[in-house]
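Enquirer: Structure of the sequence below:
(2 chains)
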Amino acid sequence: MAYIVVQILNALSFSVLLLLTGLGLSLVLSLMNFVNLTHGSIFLLGSYIGVQWMASGAPWWMAFPAAFVLTGLVGAVLDRYPFRQFYPRTHLMQVLLTYGLSVVFADLMRWGFGADTLSPVLPELLQGVVFVMGFPFPVYRLFLIATGATLALALWWAIERTLWGAAIRACVIDRGIVETLGIDTRRLLTVGVVLAAALGGLGGALGAGMLSAYPGLDEEVLLLALLVVVVGGLGSFTGTVVSALLIGFVTTFARMWLPEFANFLTLGMMALVLMVFPHGLLGRETRQL
Amino acid sequence: MTVRAGFTGTPMDTSSSRRGGGWRLLGLAALLCGVLAVFGDDYQLRFAAEIFLVGTAVMSLNVLVGYAGLVSLGHAALFGAAAYGAAVAAQHWGSDLLLMLPVGVACGMALAALMALVSYRSAGLFFLVLTLVVGQMTWEVVFRWRAVTGGADGLRGFPALTVAGLPASHPLALYALALTLALACGWVLRAFVSAPVGHAVQGMRDQPLRMRALGYHLGRLRLQAFLVTGAVAGAAGSIYPFVNQYVGPNTVHWSMSATLVIMSVLGGIATLAGGFVGAALYLVAQTQLSSWTDRWQLLIGLLFVLTVIFVPQGIVPALRRRFRS
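Expert: Model (predicted):
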């Protein structure tokens, strides 16, 4: 029983990571119908920034804002060139562009940070374990769950309860009308892209303490994040939360019971979900024109 | 949000290789093939055979993406599953082409049918992700099932290829075999796209709603497109292990699928010949770059980016326009 509880906590911490990464991807996808396969690279970049920052001796808690800002900057540059010309293009072209960029980034990061697995030097506060019903559980993962949940809540509040969020949500539905209200939607979309990248990077910095950072992590994360977005349904915050939890739990428990088939099972389950709900769990039915 | 109609872009010229410019290009290609057969050394012949096989797979993807408008990120799984199927069958029952080809085609079609079934009701991004998921499930099977597939090491050391008992493992024979297969597959695909079902499939790409109103069953059309392209990709995959002398899990990985798509775009999406041009350019670039620098992956990534920025329409349509004017 206690073992199950520990696994539930593990699943929760993984879900929180998936949620942070998936939210960024989902934002860009529903805002401008842009498939961004560099999101995994941004996550890994955030992880490396986190690892380097904590090793540098600067205040450890600054690692997360640093990753947030730096990857946000990368997002701002990418938005200007070459993403901007590709927003109105087909998914196929977007996929190829961003896949190519992710290959470039992966190689650059292997060049810059080496091919070894790097783990951050955690501050004493977050090291060690607590005992949950007699089983050891890393403190860091509790910190991860708390921080991630807080961030997700803050984002939910920003999108659902503020004027900025209302403008962004309106942009998803009809950009032309928002433009006629005198709002510069171009700037709003840039904010969306930068925020998405920054969230991805922050997710990476937080995740480094659990997953470490290594070449290839970008691809694993990208695939899971894509699944989170698609299974949840485009443009649905609740959907993304539900599917992040679903995938986090399925992956964790599959790894516990059938480690060899874990990924196969996760992918299979998600394929089944998408067969039953072709627009995702909570996605709106799209009208085909 | 609305799903973009015709989402591979503008409908393209589909029947132009019969016109003047096409013939000249075709003659040039035939000349090149002939020169290579006479003067090429063993390595070059094997490499050319690999280009023909990969090009055939890209050609089938061209039909799926360019004609049917189904952007798949799992096409390498069809090709790779056939390659693994043939490699495993060869180790048990010997490697005669008359066995390899049906095994490969069956593997390709079976997986294609599964992909069509899983993505039966989805469109756009959801379709893309589902093909990716099925492809990665195949990769998981190949990667974990060590007893049969060799896991991360892959398979090598196959018995020499024969055709109805006659030895065909000499590079020149492999070259001729791959070329014949490429031409036969090209003929099959051309027949498919110019048949009524092929026109219906193109209608599904451009106006899915109208096609449905006309009484077409989109799921069935999609299944047909998948089966034909799966059979072709499977046929190409069935000889691949003997040309390459190795199959590894990377053959079914989604990065390989993305590579097939970039080859397809590089050559020209809704063209059949473009598949070979794209495959040749990409494979030559990859071989040259990887022997020249350790950072070749970075350059390959740049190749992707430059392709979509500068030649999104592909090389073959551009050449055709030039030759015609």
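Enquirer: and the residue of chain B nearest chain A?
Expert: Residue of chain B nearest chain A, by Cβ to the nearest Cβ: residue B:304 (2.5 Å). From N, CA and C alone the C-beta is placed, and that goes for glycine too.
Enquirer: just the strands in the stretch 151-289 of chain A please.
Expert: Ranges of strands in the stretch 151-289 of chain A, per DSSP state E, counting those that start in this stretch, are A:287-288.
Enquirer: For it, give me the ranges with low pLDDT.
Expert: A:285-289 (pLDDT under 70).
Enquirer: and it, which of its residues are near chain B?
Expert: Contacts of the stretch 151-289 of chain A with chain B, taken as Cβ under 8 Å from any Cβ of the partner chain, map to A:172, A:219, A:223, A:226-227, A:230, A:234-235, A:260-261, A:263-264, A:267-268, A:270-271, A:274-275, A:278-280, A:284, A:286-289.
Enquirer: quick one: which of those residues sit in helices?
Expert: Using DSSP state H to define helices, the subset of these located there is A:172, A:219, A:223, A:226-227, A:230, A:263-264, A:267-268, A:270-271, A:274-275.
Enquirer: Close to chain B: what parts of the stretch 1-150 of chain A are there?
Expert: Residues of the stretch 1-150 of chain A lying near chain B (Cβ under 8 Å from any Cβ): A:29-30, A:33, A:35, A:82, A:85-86, A:89-93, A:95-97, A:99-108, A:111.
Enquirer: Buried among those residues? Make that a PyMOL selection.
Expert: To isolate the buried subset of these in PyMOL, counting by 16 or more other Cβ atoms under 10 Å in any protein chain shown, use the following:
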select buried, chain A and resi 29+30+33+35+82+86+89+90+91+92+93+95+96+97+99+100+101+102+103+104+105+106+107+108
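Enquirer: Counting only strands, which of the residues of the stretch 1-150 of chain A next to chain B make the cut?
Expert: In this view, the residues of the stretch 1-150 of chain A next to chain B have no member that belongs to strands under DSSP state E.
Enquirer: OK, contacts around the residue of chain A found nearest chain B?
Expert: Of the residues in chain A, the one nearest chain B is residue A:100, at a distance of 2.5 Å by Cβ to the nearest Cβ. Contacts for residue A:100 (Cβ atoms under 8 Å, 6 or more residues apart in numbering or on different chains) come out as B:262, B:301-305, B:307-308.
Enquirer: Model confidence for it, exactly?
Expert: Model confidence at residue A:100, given as pLDDT, is 95.
Enquirer: Grab the nearest non-local neighbour of residue B:251.
Expert: In space, and not counting its chain neighbours, residue B:251 is closest to residue B:80: 3.7 Å by Cβ to Cβ, 6 or more residues apart in numbering or on different chains.
Enquirer: Residue B:318: helix or strand, and which one exactly?
Expert: For residue B:318, the host element (DSSP states H and E) is helix B:315-324.
Enquirer: so for that helix, what's the average pLDDT?
Expert: Helix B:315-324 shows a mean pLDDT of 81.
Enquirer: That one and chain A, are they touching?
Expert: No - applying Cβ under 8 Å from any Cβ, one finds helix B:315-324 out of contact with chain A, separated by at least 15.1 Å.
Enquirer: Mind jotting down where the helices sit in chain B?
Expert: Taking DSSP H as the criterion, chain B carries its helices at B:20-39, B:42-62, B:75-93, B:97-118, B:124-144, B:146-149, B:171-194, B:196-206, B:208-213, B:218-244, B:254-267, B:274-292, B:296-310, B:315-324.
Enquirer: helices or strands next to the first one in the packing?
Expert: Read it as helix B:20-39. In this structure, helix B:20-39 packs against helix B:42-62, helix B:171-194, helix B:315-324, with contacts taken as 3 or more Cβ pairs under 8 Å, 6 or more residues apart in numbering or on different chains; DSSP states H and E.
Enquirer: okay if I get these as TSV plus mean neighbour count?
Expert: Shown next, in TSV, are those (neighbours: other Cβ atoms under 10 Å in any protein chain shown):
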stretch	mean neighbour count
helix B:42-62	25
helix B:171-194	18
helix B:315-324	17
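Enquirer: related to what we said a few turns ago, restricted to buried residues, select the residues of the stretch 151-289 of chain A next to chain B in PyMOL.
Expert: Of those, the buried ones can be selected in PyMOL as follows, counting by 16+ other Cβ under 10 Å:
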select buried, chain A and resi 172+219+223+226+227+230+234+235+263+264+267+268+270+271+274+278+279+280+286
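Enquirer: Enumerate the residues of the stretch 51-200 of chain B near chain A.
Expert: Contact residues, the stretch 51-200 of chain B versus chain A (Cβ under 8 Å from any Cβ): B:65, B:71, B:73, B:118, B:120-126, B:128-130, B:132-134, B:136-137, B:140-141, B:144.
Enquirer: which ones are touching residue B:289?
Expert: B:296, B:299-300.
Enquirer: Please disregard the earlier target; I meant residue A:189.
Expert: Contact analysis of residue A:189 by Cβ under 8 Å, 6+ apart lists A:31-32, A:87, A:171.
Enquirer: Please identify, among these, the one with the most neighbours.
Expert: When neighbours are taken as other Cβ atoms under 10 Å in any protein chain shown, the top entry among the contacts of residue A:189 is residue A:31 (24 neighbours).
Enquirer: Once you drop chain neighbours, what's closest to it?
Expert: Nearest in space to residue A:31, with sequence neighbours left out and distances taken as Cβ to Cβ, 6+ apart, is residue A:192 at 4.7 Å.
Enquirer: and the one you found, how many residues sit next to it?
Expert: 23.
Enquirer: Distance-wise, check it relative to residue A:228.
Expert: For residue A:192, the distance to residue A:228 equals 18 Å [Cβ to Cβ, to the nearest Å].
Enquirer: now residue B:265
Expert: 28 Å.
Enquirer: tell me which residues of the helix or strand where residue A:72 lies are tucked away?
Expert: If you go by DSSP H and E, residue A:72 is part of helix A:63-78. Residues A:63-64, A:66-68, A:70-72, A:74-75, A:78 are the ones in helix A:63-78 that count as buried (16+ other Cβ under 10 Å).
Enquirer: Over to stretch B:286-302?
Expert: B:286, B:289, B:295-302.
Enquirer: Then stretch A:187-204?
Expert: Result for stretch A:187-204 [16+ other Cβ under 10 Å]: buried residues A:188-204.
Enquirer: do the same with stretch B:133-149
Expert: B:133-144, B:149.
Enquirer: Please identify which of these is nearest to residue A:23.
Expert: Residue A:23 lies nearest to residue B:133 out of the buried residues of stretch B:133-149, by Cβ to Cβ, at 20.7 Å.
Enquirer: What are the neighbouring residues in contact with the closest one?
Expert: Here residue B:133 is in contact with A:227, A:267, A:270-271, A:274, B:74, B:118 (Cβ under 8 Å, 6+ apart).
Enquirer: swap in residue B:286?
Expert: Neighbouring residues of residue B:286 by Cβ under 8 Å, 6+ apart: B:296, B:300.
Enquirer: 10 Å instead?
Expert: Each residue near residue B:286 by Cβ atoms under 10 Å, 6 or more residues apart in numbering or on different chains is listed here: B:259, B:296-297, B:299-300, B:303.
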